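Peer 1: structure for this input, please:
(2 chains)
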Amino acid sequence: MQRNLTPMDGGASNAGVVAFADPSDDALIEDIRAVLADCGGLAVEPARLAPEDDLYTAGLTSHGCVGLMLGLEERFDVEFPEKLLNRRTFESIAAIRDAVRGLLDGAAA
Amino acid sequence: MTGLSTQARSVGAGVAAVHAASVDRDARFPSEAFAALRGERLLGALVPVELGGGGASLFDVASACHALARHCASTGMIYAMHQIQVACLVNHAQASPWHRALLARIADEQLLLASATTEAETGGDIRNSVCAVRAEGERFTLAKNASVISYGDAADVILVTARRTPDSPSSDQVLVAVTKADCRLEKTTGWDTLGMRGTCSDGYRLEAAGELAQVLPLPFADMSAQTMLPVTHIVWSAVWLGIAADAVSRARAYVRAEAKRKPGTTPPSALRLAEATTKLQQMKASVLTAIRQYELACGSPELLTTLSFATAMGTLKVATSEMVLEVVDRAIRTCGLSGYRNDTPYSLGRHLRDAQSAALMIGNDRIMSHTANQLLVQRDGSGPFE
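Peer 2: All right, here's what the predicted structure looks like:
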């Protein structure tokens, strides 16, 4: 599936969806921080979290994970398979980045 | 039949059954049954053999809970709750020397474990804590206003949930093993209830001090998902299955007595008995399926923490807690006034009262809300029959 090279915004059928062909790690992490801020329900500002910081220590709950995952699916236009639906997938921004990267690469292949 | 199940049957029929009425009437700890369980060394059943325990499987433990609950539901439930705590230590704390030594003591000294997971401020929400572990060098202090510590007076060790540090968010919890010597308990509420009266689920203010090594190494959230949640729902369901099974036994005995009085005809109440038996079989199938699912996932943190596994275990609890009421209801209809009275061999009042607790222990509404939330993202599993 061919993906757009630049973030799309405002298209009627893609409202709120941002798609990348090969986003840099930094770009992915910034987007993940934005989703965390919207949907994660954390006790701290995502901007203040390092990529390796433990999100559960920062207040992420299993309930928060559900909102976070829905937000990530919407943001990156991906679908998390059953085997990624566990606590480890969402334990840090870096872990989420790796999971999203894998899903984006899988979708592009 | 396994040795554990046979021994539990023997303690159930020979001891728990004898004292069940007085345990229920006086809302007292079933001390005779637990003296017998200790005599048979059944409190160490889950402890690995190399640490002096029985090395039992969850299937064996669930069958023992069932065997005890057939005769005294409070005895079965206390035994079940003890095993949940032991399972957390066995599955998640064997790498810690302090907890490994504790496991050996559980087997050797037949220690009884309880838990303090609920808190006055958070109610039944065991995944959030207000109290926190306060570290000072190698030691800690911990104060918790525990709304329930079942059999707190009789327990030798209490596993307590708390926030990791005073600065941690409420969901960042650890589990701390506190021995009776480490803590002071002040009773805040009593336990004068409809049923499950022998569990003595009093409230306490708990103040503990000990070594930081007593904090279990894994975050409570991981232990909860991988062990506490599935083992709790399985062994509780086994207890409720035991209540249901004894209700059906009494109903069957009643119908047989009726049939003997009028040879050649099947008593009308036999139809209700068939209904009760059908529901009992459904309930048993639910419990055995969940044990099988646990066995298939066991040892794999990935499988144990999938949403589909959590949903399977949560819905097991909701389903069996409702089914036990249906089975007991059908058994009462079968026995008629003989089941309704408190002074016949077919009396089912205690079964009905004990069974009413099932839907309330970790409220079904809470579990269903949680399940509904998780279903927003759940996918089809890839294992057998999924």
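
Peer 1: show me where pLDDT drops low in chain A?
Peer 2: For chain A, the stretches with pLDDT under 70 are A:1-22, A:108-109.

Peer 1: near chain B, which residues of it?
Peer 2: A:43, A:56-63, A:66, A:69-70, A:80-83, A:85-88 (C-beta under 8 Å from any C-beta of the partner chain). Every C-beta, even on glycine, is put in place using the N, C-alpha and C of the backbone.

Peer 1: all strands of chain B, in order?
Peer 2: B:113-116, B:134-136, B:139-150, B:157-163, B:173-179, B:183-189, B:201-211 (DSSP state E).

Peer 1: the first one pairs with which strands?
Peer 2: To tie it back to what came earlier, the one meant is strand B:113-116. Partner strands for strand B:113-116, per DSSP bridges, with pairing direction: strand B:157-163 (parallel).

Peer 1: average pLDDT for the partner strand?
Peer 2: Averaging pLDDT along strand B:157-163 gives 98.

Peer 1: what about that strand, distance to the chain center?
Peer 2: How far strand B:157-163 lies from its chain's middle: 17 Å, per C-alpha atoms, centre = their mean, to the nearest Å.

Peer 1: using CSV, list the CA coordinates for it.
Peer 2: Taking C-alpha atoms only, strand B:157-163 is exported to CSV below (Å, rounded to 0.1, in the frame of the first residue of the first chain):
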residue,chain,number,x,y,z
VAL,B,157,1.5,-13.3,56.7
ILE,B,158,-0.3,-10.6,54.9
LEU,B,159,0.4,-9.5,51.3
VAL,B,160,-0.2,-5.7,51.1
THR,B,161,-0.6,-3.5,48.0
ALA,B,162,0.8,0.0,48.2
ARG,B,163,2.2,2.7,46.0
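
Peer 1: report the angle between it and strand B:201-211.
Peer 2: 80 degrees (axes from the mean of the first three to the mean of the last three C-alpha atoms, to 10 degrees).

Peer 1: from the chain's centroid, how far away is stretch A:73-88?
Peer 2: For stretch A:73-88 - counting by C-alpha atoms, centre = their mean - the centre lies 8 Å from the chain centre.

Peer 1: likewise for stretch B:350-359?
Peer 2: Counting by C-alpha atoms, centre = their mean, stretch B:350-359 comes out at 14 Å from the chain centroid.

Peer 1: find the closest residue to chain A in the stretch 201-350 of chain B.
Peer 2: Using C-beta to the nearest C-beta, the closest approach of the stretch 201-350 of chain B to chain A is made by B:Thr305 at 3.9 Å.

Peer 1: so that residue makes contact with B:Gln226?
Peer 2: Yes. Between B:Thr305 and B:Gln226 a contact is recorded at 6.3 Å, counting by C-beta atoms under 8 Å.

Peer 1: just want to know which of the two has more residues nearby.
Peer 2: Neighbours were counted for B:Thr305 and for B:Gln226 using other C-beta atoms under 10 Å in any protein chain shown; B:Gln226 has more, 26 against 20.

Peer 1: which residues touch that one?
Peer 2: B:Asn91, B:His92, B:Pro301, B:Leu304, B:Thr305 (C-beta atoms under 8 Å, 6 or more residues apart in numbering or on different chains).

Peer 1: confidence score at the fourth one?
Peer 2: Which is B:Leu304. At B:Leu304, pLDDT is 90.

Peer 1: now the buried members of the residues of chain A next to chain B.
Peer 2: A:56-62, A:66, A:69, A:80, A:82, A:85-87 (16 or more other C-beta atoms under 10 Å in any protein chain shown).

Peer 1: can I get those in TSV with secondary structure?
Peer 2: Below are those laid out as TSV (DSSP: H, G, I helix; E, B strand; the rest coil):
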residue	secondary structure
A:Tyr56	coil
A:Thr57	coil
A:Ala58	coil
A:Gly59	coil
A:Leu60	coil
A:Thr61	coil
A:Ser62	helix
A:Val66	helix
A:Met69	helix
A:Phe80	coil
A:Glu82	helix
A:Leu85	coil
A:Asn86	coil
A:Arg87	helix
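
Peer 1: the residue nearest to B:Thr179 when sequence neighbours are not counted pairs with what?
Peer 2: Closest residue in space to B:Thr179, ignoring its immediate chain neighbours: B:Val157 at 5.2 Å, by C-beta to C-beta, 6 or more residues apart in numbering or on different chains. Assessed by DSSP bridges, B:Val157 has beta-bridge partners B:Leu113, B:Thr179.

Peer 1: show me the helices in chain B, by range?
Peer 2: With DSSP state H, the ranges of helices along chain B come out as B:3-11, B:17-26, B:31-39, B:58-69, B:73-92, B:97-109, B:220-223, B:229-261, B:269-297, B:301-304, B:307-335, B:337-340, B:349-355, B:364-374.

Peer 1: lowest average pLDDT across those helices?
Peer 2: helix B:301-304 (a mean of 87).

Peer 1: what parts of the stretch 251-386 of chain B come near chain A?
Peer 2: B:301-302, B:305-308, B:370, B:373-374, B:376-382.

Peer 1: let's see that with 6 Å instead.
Peer 2: B:Glu302, B:Thr305, B:Thr306, B:Leu307, B:Asn373, B:Leu376, B:Val377, B:Arg379, B:Gly381 (C-beta under 6 Å from any C-beta of the partner chain).

Peer 1: tell me the contacts of the fifth one?
Peer 2: I take that to be B:Asn373. Counting by C-beta atoms under 6 Å, 6 or more residues apart in numbering or on different chains, B:Asn373 touches A:His63, A:Val66.

Peer 1: next: B:Ser115.
Peer 2: Contacts of B:Ser115 by C-beta under 6 Å, 6+ apart are B:Gln85, B:Leu159.

Peer 1: how about a cut-off of 10 Å?
Peer 2: B:Ser115 sits next to B:81-82, B:84-85, B:88, B:126, B:146, B:148-150, B:152, B:155, B:157-161, B:175, B:228, B:232 when contact means C-beta atoms under 10 Å, 6 or more residues apart in numbering or on different chains.

Peer 1: emit the ChimeraX select command for whichever of those are buried.
Peer 2: Per 16+ other C-beta under 10 Å, the buried members of the contacts of B:Ser115 correspond to this ChimeraX selection:
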select /B:81,82,84,85,88,126,146,148,149,150,152,155,157,158,159,160,161,175,228,232
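
Peer 1: distance from the centroid: which residue in chain B tops it?
Peer 2: B:Gly264 (43.8 Å; C-alpha atoms, centre = their mean).

Peer 1: strands of chain A, start to end?
Peer 2: Using DSSP E, strands in chain A do not occur.

Peer 1: helices along chain A, start to end?
Peer 2: So, for chain A - with DSSP H - the helices run A:25-35, A:62-76, A:93-108.

Peer 1: can you tell me which of those helices is most buried?
Peer 2: Comparing those by mean neighbour count (mean count of other C-beta atoms under 10 Å in any protein chain shown), helix A:62-76 ranks first with a mean of 20.

Peer 1: now that one: how far from the chain's centre is it?
Peer 2: With C-alpha atoms, centre = their mean, you get 7 Å for helix A:62-76.
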